[in-house]
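1. With the input below, show me the fold.
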Amino acid sequence: MVLPDRICVGAISGSFGLQGEVRLKSFCAEPEAIADYGPLYTEDGSRSFTIRLTRPVAGGLGARLSGIRTKEEGDALRGTSLYADRSKLPSLPDDEFYHADLIGLEARDPGGVVIGQVAAVHNHGAGDILELTGPGLKTALLVPFTLAVVPTVDLASRRVIVDLPEGLD
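-> Below you'll find the predicted structure:
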């Protein structure tokens, strides 16, 4: 369970070297900024780490985490997501959103009919994709998170307007 007011900013993808250095995958717009938001916490908040970046490495950033001294300790953290306190993250412009804020929003079409809700936000390199689920959908519906398809995001009302492209409705 993710603690409230924390945002996932990266993940540990394994150890790097023999002295406890790890390979980090940063989800930040500026990957190196992940070190500025510490301490970073595990998903359940049971552990926290301060981070010192060491070098760029294939597939991410090399880093030293407080309390991690051996390759085995680094390997044991493989797959661990890292969360920062929201208060340490920068404010976003009006047209940008943290993925965590989108998940759970009700999705309606432009006429106000409920489509479902945002179950996840994916990004495979070509832009964000919203995964919509709901009782009226046989399978999850994937829609591009673009201004043309999602013209309105209203965090206060906890809803998005989704103008489904031809063939998806």
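
2. what about the residue nearest to T70 when sequence neighbours are not counted, neighbour count?
-> Residue nearest to T70 in three dimensions, not counting chain neighbours: G20, with 5.2 Å by Cβ to Cβ, 6 or more residues apart in numbering. In short, each C-beta sits where N, CA and C put it, glycine included. Neighbours of G20 under the rule other Cβ atoms under 10 Å: 19.

3. tell me the SS of the residue nearest to D154 when sequence neighbours are not counted?
-> Counting by Cβ to Cβ, 6+ apart, D154 lies nearest to V160, which is 7.2 Å off, once chain neighbours are set aside. At V160 the chain is in strand, as set by DSSP: H, G, I helix; E, B strand; the rest coil.

4. and V160, bridged to which residues?
-> Judged by DSSP bridges, the bridge partners of V160 are A107, V153.

5. So the nearest residue to D109 once chain neighbours are set aside versus P165, what's the distance?
-> Distances taken as Cβ to Cβ, 6+ apart place I115 nearest to D109, at 5.8 Å, with adjacent residues excluded. Distance, I115 to P165, using Cβ to Cβ, to the nearest Å: 13 Å.

6. what about the two, which has more around it?
-> Per other Cβ under 10 Å, whichever of I115 and P165 has more neighbours is I115, with 22 against 12.

7. Wait, the more buried one touches L141, no?
-> Yes. At 7.3 Å, I115 and L141 qualify as touching, with contact defined as Cβ atoms under 8 Å.

8. shared neighbours, these two?
-> Common neighbours of I115 and L141, using Cβ atoms under 8 Å, 6 or more residues apart in numbering, are 132, 164.

9. and the helix or strand bottoming out on mean pLDDT in the chain, which residues are buried?
-> None of the helices or strands of the chain scores lower by mean pLDDT, DSSP states H and E than helix 99-102, at a mean of 86. For helix 99-102, the neighbour count (16 or more other Cβ atoms under 10 Å) marks 99-102 as buried.

10. got it, and stretch 37-46?
-> Neighbour counts over stretch 37-46 (16+ other Cβ under 10 Å) mark 37-42 as buried.
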